[in-house]
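> Just to be clear, the model below is a prediction. Sequence and coordinates:
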Amino acid sequence: MSKLFSPIKLRNTEVRNRLWIAPMCQYSCENRDGVPGDWHLVHYPAFSAGGAGLIIVEATAVSPEGRISPWDTGIWNDHQVQAWKRVTDLVHQRGAKIAVQLAHAGRKASTYREWSGHGSVKPEDGGWQSVSSNSEAFPGYDAPRELATNEIPDVIEAFVTAAKNSVAAGFDAVEIHAAHGYLLHQFLSPLTNQRSDEYGGSLENRARLLMEIVQGMRAAVGPELPIMVRFSATDYREGGWDKEQTAQVARWSHELGADFFDISSGGLITGVQIPVGPGYQVPLAEFVAEHNGSPVGAVGQITDAHQAEAILEAGQISVILIGRAALRDPHWPAAAAAALGENLDYLPNQYKRAWPSF
Ligand SMILES: Cc1cc2nc3c(=O)[nH]c(=O)nc-3n(C[C@H](O)[C@H](O)[C@H](O)COP(=O)(O)O)c2cc1C
């Protein structure tokens with residue numbers, strides 16, 4: 001059997017294979033209430049029918065002001081939980097597991113989705129004041145308000161409540177979004193965190209917000225639920241966040257109850273050179289894996305079944321995540337299985353005749 005289609009266990013949750021769907025924002029809550037709707041009910045279950053092991057649902061806000069755009073999904077109220085339950089039920093019917101990426105956009109909140117406009121959505125158009133580790137704007141967006149120290153417990157509480165809501169909604173795991181220049185990354189990186197309280201300065205202080213979230217979540221959800229963390233392993237700028245700090249903070253997160261690390265890069269600042277190309281983030285993921293006992297996932301321009309299998313064969317990486325390849329073809333895992341000569345007994349009978357080897 002290929003490595004790609006061998007199962008993997010996180011805590012007591014067995015995932016049927018190591019080909020997972022990366023979180024991808026759909027910006028499709030047309031009522032701007034964070035409630036997933038028809039789009040999400042069609043979009044996510046298709047990946048399960050297509051053979052994926054685990055689907056990580058898009059950046060889903062832990063509070064209204066944590067949304068990247070007014071059209072983002074949320075998981076802070078019961079209405080949203082009930083709507084997510086329909087999505088998780090449909091995904092489970094086809095055998096995949098489903099996780100949700102819990103997110104707060106920080107200074108990158110209240111922006112237009114690509115097809116509706118550019119820059120920040122003003123309060124008079126349904127936008128809101130963003131918050132961050134400091135009051136410096138992301139280029140092209142309105143400036144955030146710096147969070148006061150006494151507001152930070154509310155942020156932690158929002159993530160912890162969102163994790164409890166995720167369990168109620170039927171999710172098998174949660175992923176904390178600490179990447180791509182959103183709130184937790186803004187606290188982690190020295191480029192966006194010059195705070196003088198206990199949440200700024202040393203690496204330990206910059207990581208404190210994430211650590212308190214991991215710790216609070218683990219205490220709230222008990223020992224069963226796998227907790228994953230997505231990091232950007234570098235800001236691609238000297239003096240910024242880097243792979244060494246990522247590996248250290250991943251170790252601390254693991255000690256506090258996180259089980260899996262999903263390694264991406266960039267997104268905090270503009271004007272940097274990112275060496276984009278096939279598998280370009282794999283060495284960053286391998287570095288974190290080498291310095292950590294926990295399983296690590298690689299993502300970024302992994303578009304070929306043999307490429308994916310070779311990354312796992314090299315030994316450090318435990319899981320492959322695919323993004324855009326799955327948007328082009330939600331059944332990409334089924335095609336990858338065919339390319340590797342695997343017969344997946346969990347592909348839908350209705351589609352059997354499409355796969356000669358099945
Ligand atoms: C439409 C779209 C939306 C995305 N939304 C998210 C998101 O919500 N959270 C996140 O961590 N990454 C997000 N990403 C990044 C992907 O998870 C992934 O890391 C990236 O696309 C690289 O993988 P790929 O080359 O396989 O697409 C998004 C990417 C795309 C294309």
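Yep, that arrived.
> what about stretch 286-298, how long is it end to end?
Start and end residues of stretch 286-298 are separated by 8 Å (Cα to Cα, to the nearest Å).
> who touches that stretch?
With contact meaning Cβ atoms under 8 Å, 6 or more residues apart in numbering, stretch 286-298 is reached by 8, 10, 20, 231, 233, 243, 246-248, 250-251, 254, 258-263, 279, 281-282, 285, 311, 314, 316-321. (C-beta placed from N, C-alpha, C; glycine too.)
> And the most centrally placed residue in the chain, which helix or strand is it part of?
In the chain, the residue lying closest to the centroid (Cα atoms, centre = their mean) is residue 101, at 4.4 Å. In the assignment (DSSP states H and E), residue 101 maps to strand 97-103.
> same thing with residue 244?
Using DSSP H and E, residue 244 maps to helix 243-255.
> if we can go back for a sec, is it correct that the residue nearest to the centre of the chain is in contact with residue 177?
Yes - Residue 101 is in contact with residue 177 according to Cβ atoms under 8 Å; the separation is 5.1 Å.
> anything in contact with each of these two?
Listed as contacting both residue 101 and residue 177 by Cβ under 8 Å, 6+ apart are 23, 59, 230.
> could you list every residue that touches the first one?
By Cβ under 8 Å, 6+ apart, the residues touching residue 23 are 56-59, 101, 175, 177, 230.
> one more time with 7 Å, if that's ok
Applying Cβ atoms under 7 Å, 6 or more residues apart in numbering, we find residue 23 in contact with 56-59, 101, 175.
> Surely it is in a strand?
No - counting by DSSP: H, G, I helix; E, B strand; the rest coil, one finds residue 23 to be coil, located in no strand.
> how would you label the closest residue to the ligand within the stretch 51-200 of the chain: helix, strand or coil?
Closest contact between the stretch 51-200 of the chain and the ligand, by Cβ to the nearest ligand atom, is at residue 59 (3.4 Å). Assigned by three-state DSSP, the conformation of residue 59 is strand.
> residues in contact with the closest residue to it other than its chain neighbours?
Leaving aside its sequence neighbours, residue 59 sits nearest to residue 103 (Cβ to Cβ, 6 or more residues apart in numbering; 3.8 Å). The contact partners of residue 103, taken as Cβ under 7 Å, 6+ apart, are 59-62, 66, 177, 182.
> need the contact list for the residue of the stretch 201-350 of the chain found nearest the ligand.
Using Cβ to the nearest ligand atom, the single residue of the stretch 201-350 of the chain nearest to the ligand is residue 323, 2.6 Å away. Neighbouring residues of residue 323 by Cβ under 7 Å, 6+ apart: 22, 24, 299.
> of those, buried ones?
Among the contacts of residue 323, those classed as buried by 16 or more other Cβ atoms under 10 Å are 22, 299.
> could I get the contacts of residue 323 as CSV with pLDDT?
Shown next, in CSV, are the contacts of residue 323 (pLDDT from 0 to 100):
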residue, pLDDT
22, 99
24, 99
299, 98
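> Can you narrow the contacts of residue 323 down to the ones near the ligand?
Applying Cβ under 6 Å from any ligand atom, the subset of the contacts of residue 323 adjacent to the ligand comprises 22, 24, 299.
> Look up the closest residue to the last one, ignoring the ones flanking it.
The shortest distance from residue 299 to any residue that is not its chain neighbour, by Cβ to Cβ, 6+ apart, is 4.0 Å, and that residue is residue 321.
> Does the ligand have contacts with the helix or strand bottoming out on mean pLDDT in the chain?
Every helix and strand of the chain was ranked by mean pLDDT, DSSP states H and E. The lowest is helix 332-339, at a mean of 96. No - applying Cβ under 6 Å from any ligand atom, one finds helix 332-339 separated from the ligand by no less than 9.8 Å.
> One more: stretch 175-183?
Yes - shown here: stretch 175-183 in contact with the ligand (Cβ under 6 Å from any ligand atom) through 177, 179-180.
> Okay, helices next: where are they in the stretch 251-358 of the chain?
Secondary structure of the stretch 251-358 of the chain (DSSP state H, counting those that start in this stretch): helices located at 282-290, 305-313, 324-328, 332-339.
> What residues does the stretch 201-350 of the chain have near the ligand?
So far as Cβ under 6 Å from any ligand atom goes, the stretch 201-350 of the chain lies against the ligand at 230, 264, 299-302, 322-325.
> quick one: which of these has the most company?
residue 230 (27 neighbours; other Cβ atoms under 10 Å).
> sec struct for that residue, please.
Judged by three-state DSSP, the three-state class of residue 230 is strand.
> Who are the contact partners of it?
Applying Cβ under 7 Å, 6+ apart, we find residue 230 in contact with 101, 175, 177-179, 262, 264.
> Any buried residues in stretch 196-216, and which?
199-200, 205-216.
> Which of these fall in helices?
Secondary structure assignment (DSSP state H) places 205-216 from the buried residues of stretch 196-216 within helices.
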